[in-house]
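1. Sequence and predicted structure below; questions after.
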Amino acid sequence: MSGHSKFANIKHKKEKNDAAKGKIFTIIGREIAVAVKEGGADPANNSRLRDVIAKAKANNMPNDTIDRGIKKAAGDAGSVNYESVTYEGYGPGGTAIIVTALTDNKNRTAANVRSAFTKGHGSIGTQGCVSYMFDKKGQIIIAKEDCDMDADDLMMTALDAGAEDFTEEEDSFIILTDPDAFSEVRESLEKEGLVMAEAEVAMLPQTYVDLSSEDDIKNISRILDLLEDDDDVQEVWHNWNE
């Protein structure tokens with residue numbers, strides 16, 4: 001996709017999250033808990049925790065809230081029992097949707113995700129049914145309003161740090177990395193003082209689907225809204241060209 005749409009979608013999502021900070025902070029709190037359980041409470045020795053902290057900061061989570069989450073997770077490390085689960089399915093008009101969740105009750109989460117698809121006239125598929133249509137990439141989005149570098153300098157800085165691709169949008173820069181190099185590239189750019197609007201490993205569609213039917217648009221919006229309102233759901237990726 002070209003033009004303005006990528007960052008416009010990010011900003012729309014961010015505004016929605018800003019209206020429901022409890023939701024996004026719950027999501028990140030669970031990611032902190034899992035990261036601490038897997039790699040310990042010291043970010044210097046836990047790259048996954050460093051990535052979650054970067055995500056927290058991009059979502060305007062206060063530092064003291066992040067610190068409390070890490071300390072709580074460290075104290076409760078033995079009781080953290082969130083499982084990572086992924087669902088794949090189809091939305092209206094041949095759209096593809098991937099849902100990732102962290103849950104302490106897989107039956108509840110599966111039922112809620114299935115209900116969201118059903119209410120929007122979509123359907124859950126088997127593992128792998130749509131993920132082949134996406135590329136897993138580290139994605140860093142920098143808003144132009146937050147960046148003092150010009151495009152050429154930023155591109156060279158990103159490529160020197162190990163990025164695979166760099167594109168300029170209307171109001172943002174998009175930096176893509178190999179998933180395994182994401183942490184290293186992100187940390188290198190952070191050391192340059194760059195402010196990131198988004199920084200995460202993402203599932204990026206290889207192609208996008210246009211929906212012209214008002215019913216299809218209403219139904220996929222219903223699916224996405226229900227999924228985003230579910231506390232177990234961490235991320236929702238889709239190939240609808242909004």
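-> Cool, the structure landed.
2. can you list the domain ranges for the chain.
-> 5-75, 83-132+207-238, 134-205 (automatic domain parsing).
3. Let's have the ones you listed in TSV, adding mean neighbour count and mean pLDDT.
-> Glycine gets a C-beta too; all of them are placed from N, C-alpha and C. What follows is the domains of the chain, written out as TSV (neighbours: other Cβ atoms under 10 Å; pLDDT from 0 to 100):
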stretch	mean neighbour count	mean pLDDT
domain 5-75	17	80
domain 83-132+207-238	17	94
domain 134-205	17	92
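4. Return the lengthiest strand in the chain as CSV; C-alpha atoms alone will do.
-> Using DSSP state E to define each element, the chain has its longest strand at strand 134-143. Coordinates of each C-alpha in strand 134-143 appear next as CSV, following Å, rounded to 0.1, in the frame of the first residue of the first chain:
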residue,chain,number,x,y,z
PHE,A,134,1.3,-12.7,5.4
ASP,A,135,5.0,-12.0,5.9
LYS,A,136,6.3,-12.0,9.5
LYS,A,137,8.5,-8.9,9.8
GLY,A,138,9.8,-6.5,12.4
GLN,A,139,8.0,-3.2,11.8
ILE,A,140,9.1,0.2,13.2
ILE,A,141,6.9,3.2,12.4
ILE,A,142,8.3,6.7,13.0
ALA,A,143,6.0,9.7,12.6
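5. name the helices or strands packed onto the helix or strand that it is followed by?
-> Using DSSP states H and E, the next helix or strand after strand 134-143 towards the C-terminus is helix 151-160. Packing partners of helix 151-160 (3 or more Cβ pairs under 8 Å, 6 or more residues apart in numbering; DSSP states H and E): strand 165-168, strand 172-177, helix 182-191.
6. Would you pull up how far helix 151-160 lies from the middle of the chain?
-> 23 Å (Cα atoms, centre = their mean, to the nearest Å).
7. relative orientation of that helix and strand 134-143 in degrees?
-> With axes from the mean of the first three to the mean of the last three Cα atoms, to 10 degrees applied, the angle from helix 151-160 to strand 134-143 works out at 140 degrees.
8. Just the CA coordinates for helix 151-160, please, in CSV.
-> Taking Å, rounded to 0.1, in the frame of the first residue of the first chain, the C-alpha atoms of helix 151-160 are listed here in CSV:
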residue,chain,number,x,y,z
ALA,A,151,14.4,10.7,4.8
ASP,A,152,17.8,9.8,3.3
ASP,A,153,19.7,10.1,6.6
LEU,A,154,17.1,8.0,8.4
MET,A,155,17.1,5.4,5.6
MET,A,156,20.9,5.1,5.8
THR,A,157,20.8,4.9,9.6
ALA,A,158,18.1,2.1,9.4
LEU,A,159,19.9,0.1,6.8
ASP,A,160,23.2,0.4,8.6
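9. Can you tell me what sits against it?
-> Contacts made with helix 151-160 from outside it, assessed by Cβ atoms under 8 Å, 6 or more residues apart in numbering, are listed as 140, 142, 147, 149, 166, 168, 173, 175, 185, 189, 192, 194.
10. who does the top helix by length along the chain touch, helix- and strand-wise?
-> Criterion DSSP state H: the longest helix present in the chain is helix 21-39. With contacts taken as 3+ Cβ pairs under 8 Å, 6+ apart, helix 21-39 sits against helix 47-58, helix 63-75, strand 96-103, strand 233-238.
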